[in-house]
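A.B. asks: no sequence for this one, just the structure:
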């Protein structure tokens, strides 16, 4: 398969496994890369030593390209940048801050810079400043996301940008991938689908909760604070949303939410924690090897694209 993204990264399929805090590590990333797509090591909340170790473990498990997420709100972001450049990973996805100052050091090390942007204005800015590609992520996505839908972002951003565009936000199967490619995207980023990979280290309780969920079971917290986080409804989200509607202070809400992602992902507490997953829940029904997931997505995407010309008859 050939798109601007496959050519940029040297991968077979234009699928990126998104960075998911406490979840995306060497075992999952290498499995996705070996399947012909590519993965991203998540660095949020992790020590520099852990990140360095995971990059080296991934290199032992695959000789295919992979990336590392540079989270600009992290206190050790400069150390993470140094590690990424030292290890010369294929690319870095950049979020939660101004990515532009990081382009030059990444490029100097031979690392592709791929920021996550929420609007046309910022997409144009990062393109002008030298981004190699960019990710647009709709608020249907799990975890932290923006204010626009995936469809709105594709409609607004794709016609204005020349560098490769990766679309994310509740794309969980080949139909969603085909739709993004037909809209003019060069690839897709998926997180939620890979939560159900056999190689994914997320707690089994979280996997079971995702499989049991239906389309209306995800909620967004932090919407009134411009700090959207999407996940499965739980006792925690009910309490958070109650306090948010009542106008609770930011420090109260921050204290309540601290550590809830790790609580579900690592400890398996899906009641007091939050399983960060997108809205494509009814398609997330079984645990599979990463290669089987990628092959299934590509087969379904190919079938949809091959049938598309029939619509013109």
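C.D. replies: Nice, I can see it. If you're wondering where the values come from, they're calculated on a predicted model, not measured in any experiment. Residues are numbered from 1 along each chain as shown.
A.B. asks: going forward, measure contacts between C-alpha atoms and count neighbours the same way
C.D. replies: Fine.
A.B. asks: how about the strands in this protein?
C.D. replies: 15-17, 38-41, 67-71, 91-95, 112-117, 134-137, 143-144, 165-168, 187-190, 218-221, 229-232 (DSSP state E).
A.B. asks: which non-adjacent residue is nearest residue 126?
C.D. replies: Among residues not flanking residue 126 along the chain, residue 100 sits closest, at 6.6 Å (CA to CA, 6 or more residues apart in numbering).
A.B. asks: Run through the residues that contact residue 284.
C.D. replies: 172, 192, 193, 196, 210, 211 (CA atoms under 8 Å, 6 or more residues apart in numbering).
A.B. asks: now, which of these lie within helices?
C.D. replies: Judged by DSSP state H, those include 210, 211 as members of helices.
A.B. asks: want to try CSV for the contacts of residue 284, with pLDDT, neighbour count and distance to residue 59 as columns?
C.D. replies: Shown next, in CSV, are the contacts of residue 284 (pLDDT from 0 to 100; neighbours: other CA atoms under 10 Å; distance: CA to CA, whole Å):
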residue, pLDDT, neighbour count, distance to residue 59
172, 97, 25, 27
192, 96, 26, 24
193, 97, 27, 23
196, 98, 25, 23
210, 97, 27, 30
211, 98, 17, 31
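A.B. asks: With distance to residue 75 as extra columns, can I get the contacts of residue 284 in a markdown table?
C.D. replies: Shown next, in a markdown table, are these (distance: CA to CA, whole Å):
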| residue | distance to residue 75 |
| --- | --- |
| 172 | 32 |
| 192 | 26 |
| 193 | 29 |
| 196 | 30 |
| 210 | 31 |
| 211 | 35 |
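A.B. asks: Mean pLDDT lowest where, among the strands of the chain?
C.D. replies: Here the lowest mean pLDDT among the strands of the chain goes to strand 143-144, at a mean of 86.
A.B. asks: what about that strand, distance to the chain center?
C.D. replies: 9 Å (CA atoms, centre = their mean, to the nearest Å).
A.B. asks: again, but for stretch 103-116
C.D. replies: On CA atoms, centre = their mean, the centre of stretch 103-116 falls 18 Å from that of its chain.
A.B. asks: Next: stretch 275-292.
C.D. replies: Worked out by CA atoms, centre = their mean, stretch 275-292 lies 13 Å from the chain centre.
A.B. asks: Could you do stretch 279-295 as well?
C.D. replies: On CA atoms, centre = their mean, the centre of stretch 279-295 falls 15 Å from that of its chain.
A.B. asks: can you tell me the distance between the two ends of it?
C.D. replies: Start-to-end span of stretch 279-295 (CA to CA, to the nearest Å) is 22 Å.
A.B. asks: export the strands of the chain to TSV and tack on distance to residue 267?
C.D. replies: Formatted as TSV, those follow (distance: least, CA to CA, whole Å):
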stretch	distance to residue 267
strand 15-17	22
strand 38-41	20
strand 67-71	23
strand 91-95	26
strand 112-117	29
strand 134-137	27
strand 143-144	17
strand 165-168	27
strand 187-190	23
strand 218-221	20
strand 229-232	16
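A.B. asks: re the thing from before, was I right about the residue nearest to residue 126 contacting residue 128?
C.D. replies: No - applying CA atoms under 8 Å as the test, residue 100 and residue 128 come out as separate, 9.8 Å apart.
A.B. asks: Those two: who's more crowded?
C.D. replies: The residue with more neighbours, out of residue 100 and residue 128, is residue 100; 17 against 12, by other CA atoms under 10 Å.
A.B. asks: count of neighbours near residue 254?
C.D. replies: 12.
A.B. asks: got the contact list for it?
C.D. replies: Contacts of residue 254 by CA under 8 Å, 6+ apart: none found.
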